[in-house]
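**Student:** with the sequence up front, the predicted model follows.
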Amino acid sequence: MIKVEGITKSFKVAKRSTGLLQATKALFHREHTIVEALKDISFTIEPGEIVGYIGPNGAGKSTTIKIMSGILVPDGGNCSIMGFTPWKERTQYVKNIGVVFGQRSQLWWDVPVIDSFELLKDIYKVPPQEYKTTLDLLNETLELKDIINAPVRQLSLGQRMRCEIAASLLHNPKILFLDEPTIGLDAVSKIAVRQFIKTINQEKGVTVVLTTHDMNDIEALANRVILIGKGSLLYDGKLEELRRRFGTHKTITADYRKNTNSIDIPGTTIIHWSPEHAVLSIDTEQILTSDVIAELSKKVDLLDVTIESQPIEDIIVQLYKEFQI
Ligand SMILES: Nc1ncnc2c1ncn2[C@@H]1O[C@H](COP(=O)(O)OP(=O)(O)OP(=O)(O)O)[C@@H](O)[C@H]1O
């Protein structure tokens, strides 16, 4: 469905000069630097997938989404999405995709949301009956009824985001590009947006490409992640595999009968200790979790034990450090 092959994109950025002399010189001769936003990016995405496209600030995520949605033209490489080259056959192509940029609005600021929807219906030439059915469904699932008649400028961020997502789906696209759809939302709105994305993926088979800095979005939605850093693709695979390969720590919390002996176990670090309670971090490359529990039970009279995997957030931070991005 989506095939990206060897995409490259650079931006020419004017160097900013400090000081009056340098600024005057810059009037006559402006120096530029080249930012390589994407270097040879390739991947394919199958119909019905939800893919998390992640990486630190400036990695090239938005640039990729803009190329895939036809807004930007790459310097090199190919991109074929449902048989279209996005930036070449834009008018036909955009009927098949929905795009949400969390930081930018596609709705008209001063008019009621419903007026923006009507306009989008006309732009995309959505048949009236199809529009009504889709709108009814969106109204219900995104709970738009109370906000649809208000102008966008009066909406909270969470309310606006629900409207943005609805707007991107009015023409029943097969693919949805979401660039940070949960940015700035409160916990309840984030869960609602995630639930909705899951529903349209499962019930309507919409393919979703999602960029986010919120690893909870990724855990809740994406089976597969593509990680980029400084314009290069660093990992493409299952989230579970990422956890297995790079998640090298677990946390054990233990409650036991009063004990003042040492609970030092090689391969573990004591994060917290008291005579009846301890929290240990285990390096799973050095020792098995089951061996730690066995060792612990020799040293103390265990009452309760919980084991937690390393949060995906930590694994990603560790990866960014490892890849030096
Ligand atoms: N229009 C532009 N002009 C100049 N440089 C740009 C432009 N758009 C992006 N860049 C640069 O390209 C690089 C990639 O930017 P991009 O917005 O794709 O990153 P990102 O991964 O989406 O980052 P973030 O997580 O901060 O949104 C950055 O170094 C950015 O400064």
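**Tutor:** Received the coordinates, thanks.
**Student:** going forward, measure contacts and count neighbours with C-alpha atoms only.
**Tutor:** Will do.
**Student:** can you show me the CA trace of the longest helix seen in the chain as PDB?
**Tutor:** Longest helix of the chain, by residue count under DSSP state H: helix 187-204. Only the C-alpha atoms of helix 187-204 are listed here, as PDB (Å, rounded to 0.1, in the frame of the first residue of the first chain):
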ATOM      1  CA  ALA A 187      -5.000  12.100  29.800                       C
ATOM      2  CA  VAL A 188      -8.700  11.600  29.200                       C
ATOM      3  CA  SER A 189      -8.600  13.100  25.700                       C
ATOM      4  CA  LYS A 190      -5.500  11.100  24.800                       C
ATOM      5  CA  ILE A 191      -7.300   7.900  25.700                       C
ATOM      6  CA  ALA A 192     -10.300   8.900  23.600                       C
ATOM      7  CA  VAL A 193      -8.200   9.800  20.600                       C
ATOM      8  CA  ARG A 194      -6.300   6.500  20.900                       C
ATOM      9  CA  GLN A 195      -9.500   4.500  21.200                       C
ATOM     10  CA  PHE A 196     -10.900   6.200  18.100                       C
ATOM     11  CA  ILE A 197      -7.800   5.500  16.000                       C
ATOM     12  CA  LYS A 198      -8.000   1.800  17.100                       C
ATOM     13  CA  THR A 199     -11.700   1.700  16.200                       C
ATOM     14  CA  ILE A 200     -11.300   3.100  12.600                       C
ATOM     15  CA  ASN A 201      -8.300   0.800  12.000                       C
ATOM     16  CA  GLN A 202     -10.200  -2.300  13.200                       C
ATOM     17  CA  GLU A 203     -13.700  -1.600  11.800                       C
ATOM     18  CA  LYS A 204     -12.900   0.300   8.600                       C
END
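**Student:** tell me which strands and helices whichever helix or strand comes after that helix is in contact with?
**Tutor:** Proceeding N to C from helix 187-204, the next assigned helix or strand is strand 207-211, under DSSP states H and E. Packing partners of strand 207-211 (3 or more CA pairs under 8 Å, 6 or more residues apart in numbering; DSSP states H and E): strand 50-54, strand 175-179.
**Student:** what about Gln129, how many residues nearby?
**Tutor:** Gln129 has 9 neighbours, counted by other CA atoms under 10 Å.
**Student:** what sits up against the longest helix of the chain?
**Tutor:** Contacts with helix 187-204, where a contact means CA atoms under 8 Å, 6 or more residues apart in numbering, come from 48-50, 141-142, 158, 162, 181-182, 206-208, 217, 220-221.
**Student:** what of stretch 92-110?
**Tutor:** Counting by CA under 8 Å, 6+ apart, 69, 84-86, 113, 116, 124, 151-153, 161, 164-165, 167-169, 171-183 sit against stretch 92-110.
**Student:** list only buried entries from these.
**Tutor:** 69, 84-86, 113, 116, 151-152, 161, 164-165, 167-169, 171-183 (16 or more other CA atoms under 10 Å).
**Student:** of those residues, which belong to helices?
**Tutor:** Short answer: the buried ones among the contacts of stretch 92-110 in helices (DSSP H) are 113, 116, 161, 164-165, 167-169.
**Student:** nearest to the ligand among the residues you listed?
**Tutor:** Nearest to the ligand, judged by CA to the nearest ligand atom, of these is Met161 at 17.2 Å.
**Student:** still on that earlier bit, restricted to buried residues, select the contacts of helix 187-204 in PyMOL.
**Tutor:** The buried residues among those can be selected in PyMOL (16+ other CA under 10 Å) with this line:
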select buried, resi 48+49+50+141+142+158+162+181+182+206+207+208+217+221
